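In: predicted structure and sequence below. I'll ask about it afterward.
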Amino acid sequence: MQVPLQITVRDVQHSEALEARIRDKAAKLEQFHPRIMSCRVTVEESHKHRNQGRHFQVRVDVRVPGREIVANRDHAEDPYVALREAFDAAKRQLEELARAQRDEVKAQVAPPPEET
């Protein structure tokens, strides 16, 4: 990664375990695209559902040359689940982008013209 990982935690008690998990998952993203320029992760507790317990939101922004990938995930009660799901979504988007850049995406073949 060209720019250091940026981690923002809002309205959630900061813990070393959460930060370590974020750093581990961000490092693994480089396996799926070789030219990651930056990665920003935001973890926050939403106050929209105050009567229904805690609700966490995770946003992962990954910048690669010519594209920015954004993955958002929400989860009630567990920020680690929201974190895992957001990084999984970012990973899938990076894989698709890398595959498209390597021209591994199947081109749709037009049906042969009908003879009249």
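Out: Cool, got the structure.

In: so which residue is dead centre in the protein?
Out: The structure's the chain has its C-alpha centroid closest to residue 90; by Cα atoms, centre = their mean the separation is 2.8 Å.

In: retrieve the pLDDT associated with the nearest residue to it once chain neighbours are set aside.
Out: Closest residue to residue 90 apart from its sequence neighbours, by Cβ to Cβ, 6 or more residues apart in numbering: residue 71 at 4.2 Å. C-beta coordinates here come from the backbone N, C-alpha and C atoms, glycine included. Reading off the per-residue confidence, residue 71 sits at a pLDDT of 91.

In: part of a helix, is residue 71?
Out: No - with DSSP: H, G, I helix; E, B strand; the rest coil as the criterion, residue 71 is assigned strand and is not in a helix.

In: got the contact list for it?
Out: Taking Cβ atoms under 8 Å, 6 or more residues apart in numbering as the contact definition, residue 71 lies against 59, 60, 86, 87, 89, 90, 93.

In: average pLDDT for stretch 45-58?
Out: Over the span of stretch 45-58, the pLDDT mean works out to 73.

In: and that stretch, end to end?
Out: Between the start and the finish of stretch 45-58 there is a gap of 9 Å, counting by Cα to Cα, to the nearest Å.

In: let the chain start at 33 from now.
Out: That works, and once the first residue is 33, the last one we named lands at stretch 77-90.

In: for whichever strand or helix holds residue 93, which helices and strands make contact with it?
Out: Counting by DSSP states H and E, the element that carries residue 93 is strand 87-96. With contacts defined as 3 or more Cβ pairs under 8 Å, 6 or more residues apart in numbering; DSSP states H and E, strand 87-96 has these neighbours: strand 70-78, strand 99-108, helix 111-133.

In: okay, these in a markdown table with distance to residue 147 next?
Out: Conversion of the helices and strands packed on strand 87-96 to a markdown table gives the following (distance: least, Cβ to Cβ, whole Å):
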| stretch | distance to residue 147 |
| --- | --- |
| strand 70-78 | 55 |
| strand 99-108 | 43 |
| helix 111-133 | 35 |
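
In: how about these, which one is nearest residue 60?
Out: With Cβ to Cβ as the measure, helix 111-133 is the member of the helices and strands packed on strand 87-96 nearest residue 60 (7.7 Å).
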